[in-house]
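S.K.: have a look; sequence and predicted model below, questions after that.
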Amino acid sequence: PIRSAMLVNSIDETRKAIPEAIRQAYCIVVTVSEKNEIHAFRITVGDNPLFQTIKSDSRSRIQDTAVTSEALLPGGPYELWREGETSRRVKDLVGAFAQFPHLPKMLNRKAILDTLIEGCVQGIFVLRLTRPDRSVKTFWREHPDENSLKEPSLEVVLPETCEIDSLKWDLLLPGKLPGLWKNGELKFGEAVKYFSGGQVVKVPKGGYEETLAIPKADRKILSAAVNEAVKAGKLWLTAGPASIFREEIPAGVLTDDATLQLPPEAIPATQLVPPALSEPWTEETTSALAISTALSKKAGKNLPWATIYDAIDGALKARFLELHEKSAPWPANLAGAQQVKLRIPREKPPGPPKPVPGRFVAETYLEPSQIQDLADQIPGITKEAAGHDLKYHLRVELNVRGENKEQVSKKINELLKTISGELQLKE
């Protein structure tokens, strides 16, 4: 019995020692050093997973953290660029960490590509794609499309040596590009100079500043971007007597002296009638052009017609103004503003409804796409308003241009009838 017990104890101790013996059998790590030499070293195996122990040892040179975009530039710690190089293939930079022994071993190859993309979005470098027909597509401060990222000819280019073939118009807005806007406005000539090539700006980086090179862009590229920003209603352009907003910029207006600024503030309907605006009124009548001239004089600069149009249109809808019986049709453009006769309504416009305790009202004009968005939100609104009195009041307005107003209103009424028989357009 004694020998049997000793045997059992010995077997138990041996079994307990087997896992440790197996772990210690894997205590030697063999890798390639930064000099491309075989390097073996011993690690202390503990309770942590074996690979985590290997990865945490600096001698293995395994990196799973992200690489910064600046580290991939010439002069960075990884020496990825040869002297005098201004561009490198994306696939070569991504593959370099698996090819060259002096670079750390990256666990996530995609992380390197993501770093290059992030560097492009931040403007640190330009991504350039040369197509089979030798045409070029560039990406700067934007995310390249997936198809371009798969192209083997995609290059990383230093911005100071590159000319971009396109510029997103939203980059021209204040606060987007460092050093572009000054004192709340931007001369087009200054934008041309900014993208003339060789420009370097300073970018604050949490207590210190870094330099950032700006690529070159042709004047036509900048003109197209400015035109899109103005047409989209994100910027307002003034040049001499011209005041352009939410419309195409006419040829010859975008000179170096043309000034870009943020859109003018909306003008309330109360600012179109006396006593706020008395100059254009004669015996309670005026014209749209006279209102435009008076508002511009009051603002100290020519206001764009789009802003004046919105103000007059809102005043007509709110019944602060009404069309004179001898007026030309409304809506109208600036060329026809002189013929649009306006007058103060004989009846005062209705004031806002008296507030009712517990009643909340939301009212605005909606575009067709916004009505679709509202329809998507109705289930959620209904759920939140459960147990309360929720109502929707719909008003449809139609301003018919031309003489076929009866035909247009009839067809629309047929469609509205499918929603409610009481929802019908009437003059």
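M.R.: Perfect, thanks for sending it.
S.K.: Leu416 reaches Gln424, doesn't it?
M.R.: Yes: in this structure, Leu416 is within contact of Gln424 by CB atoms under 8 Å, at 6.2 Å. Where you see a C-beta, it was placed from the backbone N, CA and C, and this is true even at glycine.
S.K.: which one of those two has more residues nearby?
M.R.: Between Leu416 and Gln424, counting by other CB atoms under 10 Å, Leu416 is the more crowded of the two (17 against 13).
S.K.: distance of that one from Leu394?
M.R.: 10 Å (CB to CB, to the nearest Å).
S.K.: where's Ile371, which helix or strand?
M.R.: helix 368-384 (DSSP states H and E).
S.K.: and that helix, what does it pack against?
M.R.: Applying 3 or more CB pairs under 8 Å, 6 or more residues apart in numbering; DSSP states H and E, one finds that helix 368-384 contacts no other helix or strand.
S.K.: report the distance from it to the chain centre.
M.R.: 25 Å (CA atoms, centre = their mean, to the nearest Å).
S.K.: give the next helix or strand downstream of it.
M.R.: Next along from helix 368-384, by DSSP H and E: helix 405-417.
S.K.: go through that next one and flag the buried ones.
M.R.: Under the neighbour-count criterion of 16 or more other CB atoms under 10 Å, helix 405-417 has Ser409, Leu416 buried.
S.K.: quick one on the thing from earlier: so what touches the helix holding Ile371?
M.R.: Under the contact criterion CB atoms under 8 Å, 6 or more residues apart in numbering, helix 368-384 has outside partners Leu366, Leu390.
S.K.: only C-alpha atoms, please: export it in PDB.
M.R.: Output of helix 368-384 as PDB, limited to C-alpha atoms (Å, rounded to 0.1, in the frame of the first residue of the first chain):
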ATOM      1  CA  PRO A 368     -40.400  67.100 -50.800                       C
ATOM      2  CA  SER A 369     -37.400  65.100 -49.500                       C
ATOM      3  CA  GLN A 370     -38.100  66.400 -46.000                       C
ATOM      4  CA  ILE A 371     -41.700  65.300 -46.200                       C
ATOM      5  CA  GLN A 372     -40.400  61.800 -46.900                       C
ATOM      6  CA  ASP A 373     -38.100  62.100 -43.900                       C
ATOM      7  CA  LEU A 374     -41.100  63.200 -41.800                       C
ATOM      8  CA  ALA A 375     -43.000  60.100 -42.900                       C
ATOM      9  CA  ASP A 376     -40.100  57.900 -41.800                       C
ATOM     10  CA  GLN A 377     -40.200  59.600 -38.300                       C
ATOM     11  CA  ILE A 378     -44.000  59.400 -37.800                       C
ATOM     12  CA  PRO A 379     -43.900  56.000 -36.100                       C
ATOM     13  CA  GLY A 380     -41.400  57.300 -33.600                       C
ATOM     14  CA  ILE A 381     -43.300  60.500 -33.100                       C
ATOM     15  CA  THR A 382     -46.500  58.600 -32.500                       C
ATOM     16  CA  LYS A 383     -44.900  56.300 -30.000                       C
ATOM     17  CA  GLU A 384     -43.500  59.200 -28.000                       C
END
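S.K.: okay, now the unreliable bits of the stretch 1-150 of the chain?
M.R.: Within the stretch 1-150 of the chain, no stretch falls below the threshold (pLDDT under 70).
S.K.: low-confidence ranges, the stretch 301-427 of the chain, go.
M.R.: In the stretch 301-427 of the chain (pLDDT under 70), the answer is 347-353, 401-403.
S.K.: again, only this time at 90
M.R.: Along the stretch 301-427 of the chain, segments meeting pLDDT under 90 span 318, 345-376, 387, 391-413, 416-427.
S.K.: quick one: Lys168 and Glu142 touch, right?
M.R.: Yes: applying CB under 8 Å, one finds Lys168 in contact with Glu142, separated by 5.7 Å.
S.K.: what segments of the stretch 201-350 of the chain are helices?
M.R.: Using DSSP state H, counting those that start in this stretch, the helices assigned to the stretch 201-350 of the chain run over residues 219-231, 288-299, 305-317.
S.K.: output the contacting helices and strands for the first one.
M.R.: If contacts are counted by 3+ CB pairs under 8 Å, 6+ apart, helix 219-231 sits against helix 188-194, strand 236-239, strand 259-261.
S.K.: mean pLDDT for these - can I get that in CSV?
M.R.: Shown next, in CSV, are the helices and strands packed on helix 219-231 (pLDDT from 0 to 100):
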stretch, mean pLDDT
helix 188-194, 97
strand 236-239, 97
strand 259-261, 97
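S.K.: a markdown table for the ones you listed, including distance to Asp218?
M.R.: Listed next are the helices and strands packed on helix 219-231 as a markdown table, based on distance: least, CB to CB, whole Å:
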| stretch | distance to Asp218 |
| --- | --- |
| helix 188-194 | 9 |
| strand 236-239 | 19 |
| strand 259-261 | 18 |
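S.K.: most tightly packed of the ones you listed?
M.R.: strand 236-239 (a mean of 22; mean count of other CB atoms under 10 Å).
S.K.: please save the CA atoms from that strand in CSV.
M.R.: Taking C-alpha atoms only, strand 236-239 is exported to CSV below (Å, rounded to 0.1, in the frame of the first residue of the first chain):
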residue,chain,number,x,y,z
TRP,A,236,-21.8,84.5,-51.2
LEU,A,237,-19.8,86.3,-53.9
THR,A,238,-19.5,90.1,-54.4
ALA,A,239,-17.6,91.7,-57.2
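S.K.: give me the helices and strands touching that strand, please.
M.R.: With 3+ CB pairs under 8 Å, 6+ apart as the test, strand 236-239 has helix 219-231, strand 242-244, strand 259-261 packed against it.
S.K.: if you compare those, which one is most tucked away?
M.R.: strand 242-244 (a mean of 21).
S.K.: who touches it?
M.R.: Counting by CB under 8 Å, 6+ apart, Val230, Trp236, Leu237, Thr238, Pro250, Val253, Ser296, Lys301, Asn302, Leu303, Pro304, Trp305 sit against strand 242-244.
S.K.: understood, closing this out.
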